[in-house]
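In: coords please:
(one chain, ligands or ions: 2)
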Amino acid sequence: MLTSVTAGPYTVRGVSVGGVYTSIHVPELGVLFDTGISPRSFGAIDTILLSHGHADHVGALPALLGIRALHGKTKPPRVVMPKEIVEDLSTALAALTKLQRWPLDIEALGMLPGEELALRPDLHVRAVRTFHPVPSLAYLLVRRVAKLRPELHGMTGPEIAARKRAGEDITDIEDRLELAYATDTLISVLDHSPELLDARVLIMECTFLDERKSLEAARAGCHIHLDEIIERADRFKNEHIVLMHVSQLYRTDEVAHILDRRVPPALRKRIIPFVPADGHWPG
Ligand SMILES: [Zn+2]
Ligand SMILES: [Zn+2]
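Out: Ligands and ions are numbered 1, 2, ... in the order given. Sure thing, here's the model as predicted:
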């Protein structure tokens, strides 16, 4: 049922069918992007990042909360989301709590574009503005590492320790843009937030792949068309680009062939299509 691909140091596993359901887990970072579907094995996840409130991205959150309870999880998960939808989602979960006669609790964390939140001491999430008909966000996961200051390179351990004891700040903080997740948006997200193009791994929607959906129609629905990625082929600096949220207009076995035929080789070799290997869209 789950598709799993490897993008550099990261595993990207889950299900994504454009407009139907999208849930993507990156176990090395401990985060789940969106809850359009709730596979059994996602019950152990404690941090969820929601891109927006459309049903194909949040519809299975109540089911996931139930599965977590089966896993013996008693602490509500952290659920990061656009600030504008915190109230509506809380109201929806309150209604479902009443229906279940059982609490569907979350720790709701609303974010605005540009804000940053610490998920772990060494891992932060930065909210990025996306362009969709409802409040929506992309997320950039930033690893914050302490590096020895360059002027101290070449010193011995005891010398450095002595400096530290004397109260000197011996490290610089460096932010590494590890992984970005951008879905359900116009391509202009890349023009407004070019830092997405610098992330080591970019997980991005590419809902439409060829003339079966026109560029105009893709834009009218606020989705990305492959034509727009090809136009910007030289701008992607990412090591790996995972293309997901592909429409079921396309058969799973033709997606890679369309990419081979249409995308310039220097970009194509870094693209990993997120489609099932067994030839069928899940479900
Ligand atoms: Zn969607
Ligand atoms: Zn949407």
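
In: which SS class is the closest residue to ligand 2 within the stretch 151-283 of the chain?
Out: Going by CB to the ion, ligand 2 is nearest to Asp184 of the stretch 151-283 of the chain, at 3.7 Å. Yep, even glycine has a C-beta here, placed from its N, CA and C like the rest. Using DSSP: H, G, I helix; E, B strand; the rest coil, the structure places Asp184 in coil.

In: ok, it to Gly19 distance?
Out: From Asp184 across to Gly19, the span is 9 Å (CB to CB, to the nearest Å).

In: If you count surrounding residues, which of these two has more?
Out: Asp184 (29 against 17; other CB atoms under 10 Å).

In: burial count for the nearest residue to the more buried one once chain neighbours are set aside?
Out: Excluding the flanking residues, the one nearest Asp184 by CB to CB, 6 or more residues apart in numbering is His132, at 4.8 Å. If you count neighbours by other CB under 10 Å, His132 ends up with 20.

In: Kindly list the main-chain dihedrals of the nearest residue to Thr183 once chain neighbours are set aside?
Out: Leaving aside its chain neighbours, Thr183 sits nearest to Glu205 (4.1 Å; criterion: CB to CB, 6+ apart). When read as degrees, to the nearest 10, the backbone of Glu205 gives phi -70, psi 150.

In: Hmm, Glu205 is touching Met244, no?
Out: Yes: between Glu205 and Met244 there is a contact under CB atoms under 8 Å: 6.1 Å.

In: Are there residues contacting both of these two? Which ones?
Out: Thr183 (CB atoms under 8 Å, 6 or more residues apart in numbering).

In: need the longest helix for the chain.
Out: helix 86-100 (DSSP state H).
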